[in-house]
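Novice: Model the structure of this input:
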Amino acid sequence: MIDLIILCVATFFIINKFIDVLGKTDSNDQNRRGTCDIKWQNFFKVNDAQNTNNTSETSEIKDPEPINAEIISVHEANLPYPIRNIIKEIMELDKSFTLDSFIRGVNRAFITIINAFTNGDCDTLKELLEDNVYQSFSNQINNFKIMHQTVEQKVINIRQINIDNAFIDQDNKDNKIKINVTIISDQIYVLRNSDGNIMDGNPVQTERITDTWSFIKRIDVNSINIWKLANTK
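Specialist: Residues are numbered from 1 along each chain as shown. Below you'll find the model as predicted:
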């Protein structure tokens, strides 16, 4: 019985000492824990400061300045710089002018003029040709009539229209714009005599033909604001 009491007292004493040891916190532990807490607090504060700075920087970012890029057509981009500069001057002089619309106009004019020449339509030719070119076309049509010959000329396909050169002629009377173009096309050409026999050409075979035409436009206030064919080669 006495042994049991002694054992209980010893056990209580050991447990009490163990609790005292675990419950103590020395100054080093407090310093380490305090330093750790400060580090974490400083870390978040730095982050907060960085976030604040980032937010401030972000709010100060301005929209980028617009880039003054010149938008040009594919046709303009393919031109040599000297010709492109003249085209720009033409666009400033004639606000209705664009290179794309001019090339489309050349396409239509080429087909219309060829058809009018084949059909002997001098009225249409007179509207689209300068006087000297009209006189040449008209004389050729009259020669066909005198020789009782007929010409059959048809544009099957226009493969390419290239700008060769451009000019601005400014004098005291009016301002003239002149543009030289090369037109590559597939055509059928047949010349028949009075009996209908073929003298030249082939009615079923196309020919690759290269023409060099010059178009001129007067932009004087009193002139008709249209392009006319001024020369052919």
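Novice: Going by C-alpha atoms from here, please, whenever you check contacts or count neighbours.
Specialist: Fine.
Novice: Just give me the longest strand of the chain.
Specialist: In terms of residue count, the longest strand belonging to the chain (DSSP state E) is strand 150-170.
Novice: domain assignment for this structure?
Specialist: Recorded structural domains for the chain (assignment: automatic domain parsing) are 24-57, 80-232.
Novice: if you compare those domains, which one is most tucked away?
Specialist: Comparing those by mean neighbour count (mean count of other C-alpha atoms under 10 Å), domain 80-232 comes out on top with a mean of 16.
Novice: start to end distance for that domain?
Specialist: 23 Å (C-alpha to C-alpha, to the nearest Å).
Novice: quick revisit: which helices and strands sit right next to the longest strand of the chain?
Specialist: The contact analysis (3 or more C-alpha pairs under 8 Å, 6 or more residues apart in numbering; DSSP states H and E) places strand 150-170 against helix 81-93, helix 99-119, strand 175-192.
Novice: Turn the ones you listed into CSV, columns for mean pLDDT and distance to residue 214.
Specialist: Rendered in CSV, the data for the helices and strands packed on strand 150-170 read as follows (pLDDT from 0 to 100; distance: least, C-alpha to C-alpha, whole Å):
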stretch, mean pLDDT, distance to residue 214
helix 81-93, 92, 15
helix 99-119, 96, 10
strand 175-192, 96, 4
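Novice: can you put those in a markdown table and add distance to residue 162?
Specialist: As requested, those are exported to a markdown table (distance: least, C-alpha to C-alpha, whole Å):
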| stretch | distance to residue 162 |
| --- | --- |
| helix 81-93 | 12 |
| helix 99-119 | 9 |
| strand 175-192 | 5 |
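Novice: Name the residues that touch whichever helix or strand residue 215 is part of?
Specialist: Using DSSP states H and E, residue 215 sits within strand 207-218. With C-alpha atoms under 8 Å, 6 or more residues apart in numbering as the test, strand 207-218 has contacts from 174-189, 224-233.
Novice: Tell me which helix or strand comes right after the lowest-mean-pLDDT helix or strand in the chain.
Specialist: Counting by mean pLDDT, DSSP states H and E, the weakest-scoring helix or strand in the chain turns out to be helix 27-60, with a mean of 46. Heading C-terminal from helix 27-60, the first helix or strand you meet, by DSSP H and E, is helix 74-77.
Novice: Can you give me the buried ones in that next one?
Specialist: Within helix 74-77, the residues that qualify as buried are residue 76, counting by 16 or more other C-alpha atoms under 10 Å.
Novice: contact partners of it?
Specialist: Helix 74-77 has contacts (C-alpha under 8 Å, 6+ apart) with 84, 99, 100.
Novice: Compute the inter-axis angle for the longest strand of the chain and helix 99-119.
Specialist: Per axes from the mean of the first three to the mean of the last three C-alpha atoms, to 10 degrees, the angle that strand 150-170 makes with helix 99-119 is 140 degrees.
Novice: which residues sit against strand 150-170?
Specialist: Outside strand 150-170, the residues touching it (C-alpha under 8 Å, 6+ apart) are 79, 83, 86-87, 90, 103, 107, 111, 114-115, 118, 144, 175-194, 206.
Novice: re earlier: each with direction, which strands does the strand holding residue 215 pair with?
Specialist: Counting by DSSP bridges, the strands paired with strand 207-218 are strand 175-192 (antiparallel), strand 227-232 (antiparallel).
Novice: So for residue 135, which of those sits nearest?
Specialist: strand 227-232 (11.3 Å; C-alpha to C-alpha).
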